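J.: Generate coordinates for the sequence data below:
(chains A, B, C and D, ligands or ions: 1)
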Amino acid sequence: MKAGIVVFPGINRERDMAIALRGATGQAPRMVWHKETDLAGLDLVVIPGGFSYGDYLRCGAMAAQSPVMAAVRAHAQRGGHVLGVCNGFQILVETGLLPGALLRNAGLRFLSMDCHLRVERADTAFTGRWQQGAVFRSPMAHGDGNYFADDATLDRLEGEGLVAFRYVTAEGAVTPEANHNGSARNIAGIFSPNLRVLGLMPHPEDLVDPLMGGADGKPLFDGLAAALAA
Amino acid sequence: MKAVVTVMLKPGVLDPQGKAIGQALHTLGFANVGEVRAGKVIELELAETDPTAAKAQAEEMARKLLANTVIEGFRVEVAG
Amino acid sequence: MKAVVTVMLKPGVLDPQGKAIGQALHTLGFANVGEVRAGKVIELELAETDPTAAKAQAEEMARKLLANTVIEGFRVEVAG
Amino acid sequence: MAREVNQSLAREFGLSADEYARVLDIMGRTPSFTELGIFSVMWSEHCSYKSSRVWLKQLPTKAPWVIHGPGENAGVVDIGEGLAAIFKMESHNHPSFIEPYQGAATGVGGILRDVFTMGARPIANLNALRFGDPSLPRTQRVIDGVVRGIGGYGNCVGVPTVGGEVNFHPSYNGNPLVNAMTVGIARKDRIFLSAAAGIGNPVVYVGSKTGRDGIHGATMASAEFAQDSEEKRPTVQVGDPFTEKLLIEACLELMATDAIIAIQDMGAAGLTSSSVEMAGKGGVGLDLDLDAVPQRETGMTAYEMMLSESQERMLMVLRPDRQDVARAIFEKWELDFAVVGYLTDTGRIVVRHQGRIEADIPLAPLADQAPLYHRPTVETPKPVALGHVADPVGPATALTQLIGCPDLCSRAWIWDQYDSTVGGQTVRRPGAADAAVVKIEDHARALALTTDCTPRYCQADPEAGGAQAVAEAWRNLTATGATPLAVTDNMNFGNPEKPEIMGQFAAAIRGMSAACVALDFPVVSGNVSLYNETEGLPILPAPAIGGLGVLENAAQAVGLALAPGLDLVLIGET
Ligand SMILES: Nc1ncnc2c1ncn2[C@@H]1O[C@H](COP(=O)(O)OP(=O)(O)O)[C@@H](O)[C@H]1O
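T.: Here you go, the predicted structure:
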């Protein structure tokens, strides 16, 4: 799998993401500067976390307008895989590659903590290393992760099986307490209709090494490496 | 001239910030505060002398960048 | 009635948001944008029928809570 | 602004009659308004350490692993495998009281710059916070703003905040303490210093534009709070963490080349202290052209530009043949880049603005003749021995009360707002061990980091309290399995003109020194914050200690979580 990581000014989890990808594929991903527009040869384009342009207007809004995002859109339209994590998810949503929006956390505070995620379907390139319904732990760190979409969109997402992960208790229960940021229907991540674009708020890339407290996030990257092996 | 773009969450989109401000105002003893909504305002200096053109430009900026029309609405006012 | 409190950074105070928005608008090709300032707007529903009283109340709320008067100024408008 | 320069203006600028006489003597004439401003900030407590320097000299600062001790932007220690850890702690107490969010945020920004200016990528932030009575609404606002500000800045620049400490006491009601620490990693053969060199070399300004931010912040940080300080509303600096992040990346990219001869961040007293210190350390002169300084506001005077504390700015001396390389890097990161002067052989700083010479000061006497005070001290009376302590509630109730008290209860509500995992190297997050443990990317090694101080002890017995703070930091590092290497400190005290305060200061230094010597734990950097008083009431003295240790193998780090089935052993006398 050839992976590329898009770097916008203000992005700060690109190195975490590179470590996770390298761990799964054995090769360093290509770092793609936001002014580049050629993504040829990449199987997976990753938009990592951070504060692109300081998130000063709305999270992800300014990055969504940059030249590289037109190329990411074209890559997605060609059927390429795209992963957006945290700020990357916000950027995908602002670009319109995924529906909905990410609002300020319901408690209005930045939240940096571990959460538990339930895998809603296991038949995708991203989730193939998990069982459906599996629960894993993941760090999260964001101020604007409160997923919002109108009811029709939410119903469609659920109806078409496009919810990727939900915030749950360690036992896998969907409860208001497990839903730290107040997301609609506990949604932590969603797929595009072709299941090749995934956006999620938490940071599985920060839990891929027992030394850092666990490897719960590793299946995401191992699964991608297996599914997209050339 | 100056264009002022006001961006507010659409009705129906939960506004936790407005809610928190409302609660804080009640705690401070402002009993007759009802609903509170919080939004953003962006003041733009435009090199443009025609108010209609200025307004149209600011609206385009709002649509393209300043507001996320999935969740937000906006209004534009133009001043001298 | 409704009071709208607009809170802006005082002149001279660095406005990183405004700066970033200005740069983004330039990148999008809006060449005639000059200075950009970003602020907050808070819309308050007040159980009050006298515009003067409503304005005075909203101003007090701004001073006490809505604006950080160390770095921000505010203006209040009252509407039916 | 163009006021007559005389003794009474000098007093307004914080210079005593003696100090002003010395200015006249050095200049041989009445200084200009701008020159007086330069003297006043360079000779402020904040920049000159005039009350504390004689005592700070007593701290042990050497060990075979110390590469740079106090005197540089931050301390540098050898941590093996060709790597150096660069770290320092700094206070932002006064600004954080006036505007908690921005005060704390810009405190984090400032200490980050101290560290990356030396060539290190920042890998961890910590803090040490003291607040007033938590039941007061004013304190609650300060806590809320400070915690948000630290998080807001650190989270955005992408440096994990991995540890800290918080305590509460009414003496901090009107004067909270906000001490921020940054730790970075560099190759030990690629450390950047601030001494300017090479007559004719360009002096380059990079980062954000200059505005009228925080003019006279450095002197404010050196003056006791009066009742009206909230009304005066001095210009508060607003932090821009996004620009700081760009500045980190741009500086590190440039540092990978051979373009930089000297570099210094613009901290307190911005352009003045950075240019004076760089030229002074290098023993050269400097010609500054203020017309070339990137400006955010119009109509700024020379005085305002020299004293502005706009954030996210750096000053560098470059190799002339590498200017284009440097410019291209800063343009890539969309930061301002301007040649604002040249090094000269005159030994003077000459400041030009709009065709006029606004300042022309000999640098050697500005530094050498800076005031140095041996302020009188009075020993703190030894605490009376504790007699019999009654036990009115019984151990179970006492324990629950202790666990629930503000000083001991869980700090999760704070660290949950700090991104502690960004970077992917955090081995022990806040709450997981006695010190935070952060691995060094691509190495097995890790650093253990902690901040400690117990102001109650320092109040009762400053010498024992100072020693205890050092010992606690050492123990916290050791408890993770790390070898303690060195400390940074942040001395927070009241008005040094009061003998009993200066007595606390001197005793705390004695205690710290003794502990540092005994533990082979030298002080490599630090910061002093004096005049922490409100209406004459001093704070509990707080010599905060930031400790750094190294683990050869991150996998050996020990945390707090008890594995089942093990024996509990208590070491030491109770
Ligand atoms: N201001 C803070 N920021 C981040 N972490 C903090 C802060 N204050 C305390 N902590 C963390 O909380 C834990 C407990 O702190 P403390 O009670 O001071 O520990 P100790 O007494 O063992 O040094 C530590 O992991 C510490 O790093």
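
J.: what's the spacing between residue A:82 and chain B?
T.: 19 Å (C-beta to the nearest C-beta, to the nearest Å). (Each C-beta comes from the backbone N, C-alpha and C, glycine too.)

J.: for residue A:50, same thing?
T.: Taking C-beta to the nearest C-beta, one finds residue A:50 at 19 Å from chain B.

J.: Just want the phi and psi numbers for that residue.
T.: phi 140, psi -160 (degrees, to the nearest 10).

J.: What residue in chain A comes nearest to chain D?
T.: residue A:12 (2.5 Å; C-beta to the nearest C-beta).

J.: Could you find the closest non-adjacent residue to that residue?
T.: residue D:158 (2.5 Å; C-beta to C-beta, 6 or more residues apart in numbering or on different chains).

J.: wait, the one you found sits on residue A:50?
T.: Yes. Residue D:158 lies in contact with residue A:50 (C-beta atoms under 8 Å); the separation is 5.9 Å.

J.: neighbour-wise, which of those two wins?
T.: More crowded of residue D:158 and residue A:50, by other C-beta atoms under 10 Å in any protein chain shown: residue A:50, with 30 against 24.

J.: and that one, what does it touch?
T.: A:8, A:10-14, A:86-87, D:158 (C-beta atoms under 8 Å, 6 or more residues apart in numbering or on different chains).

J.: Name the nearest residue to the residue in the stretch 401-550 of chain D that chain B sits nearest to, sequence neighbours excluded.
T.: In the stretch 401-550 of chain D, no residue comes nearer to chain B than residue D:417, which is 15.5 Å away by C-beta to the nearest C-beta. Computed as C-beta to C-beta, 6+ apart, the closest residue to residue D:417 that is not its neighbour in sequence is residue D:151, at 4.4 Å.

J.: Which element is encountered next along the chain beyond the helix or strand containing the one you found?
T.: Element membership for residue D:151 (DSSP states H and E) is helix D:137-157. Sequence-wise, the next helix or strand downstream of helix D:137-157 (DSSP H and E) is strand D:161-168.

J.: wait, does that next one make contact with the ligand?
T.: Yes. Using C-beta under 6 Å from any ligand atom, strand D:161-168 comes into contact with the ligand via D:161, D:163-166.

J.: Closest one of those residues to residue D:433?
T.: residue D:163 (9.1 Å; C-beta to C-beta).

J.: Which pLDDT does the model give that closest one?
T.: Note for residue D:163: predicted pLDDT of 97.

J.: And for residue D:389?
T.: Confidence for residue D:389, expressed as pLDDT, is 86.

J.: tell me the secondary structure for residue 181?
T.: Answering for chain A, as no chain was given. coil (DSSP: H, G, I helix; E, B strand; the rest coil).

J.: other chain: chain D
T.: strand.

J.: Over to the one 4 residues further on?
T.: For residue D:185, the reduced secondary structure class is strand; criterion used: three-state DSSP.

J.: Please identify the nearest residue in space to residue D:254, excluding sequence neighbours.
T.: According to C-beta to C-beta, 6+ apart, the nearest residue to residue D:254 is residue D:329 (5.1 Å).

J.: same thing with residue D:283?
T.: residue D:347 (7.5 Å).

J.: Enumerate every residue touching that neighbour.
T.: By C-beta under 8 Å, 6+ apart, the contact list for residue D:347 reads D:283-285, D:362-364.

J.: contacting residues around residue B:35?
T.: By C-beta under 8 Å, 6+ apart, the neighbours of residue B:35 are B:18, B:22, C:45.

J.: Repeat that for residue A:136.
T.: So residue A:136 contacts A:116-117, A:119, A:130, A:204, A:216-217, A:219 (C-beta under 8 Å, 6+ apart).

J.: cutoff 7 Å now
T.: By C-beta atoms under 7 Å, 6 or more residues apart in numbering or on different chains, the residues touching residue A:136 are A:117, A:216.

J.: Relative to chain B, which residue of chain A is the closest?
T.: residue A:101 (4.5 Å).

J.: And the residue of chain B that's closest to the ligand?
T.: For chain B, the residue closest to the ligand is residue B:20, as judged by C-beta to the nearest ligand atom, at 23.4 Å.

J.: With adjacent residues omitted, what lies nearest to that residue?
T.: Residue B:20 sits nearest to residue A:108 (C-beta to C-beta, 6+ apart), 5.7 Å away.

J.: Would you verify that that neighbour is located in a strand?
T.: No. Assigned with three-state DSSP, residue A:108 falls outside any strand and is coil.

J.: the longest strand in chain B is where?
T.: strand B:33-46 (DSSP state E).

J.: Residue D:245 is in contact with the residue nearest to residue A:12, correct?
T.: Yes. Shown here, residue D:158 and residue D:245 form a contact pair, counting by C-beta atoms under 7 Å, at 6.4 Å.

J.: which ones are touching residue D:289?
T.: Listed by C-beta under 7 Å, 6+ apart, the contact set of residue D:289 reads D:340-341, D:352.

J.: Among these, which one sits closest to chain A?
T.: residue D:340 (24.3 Å).
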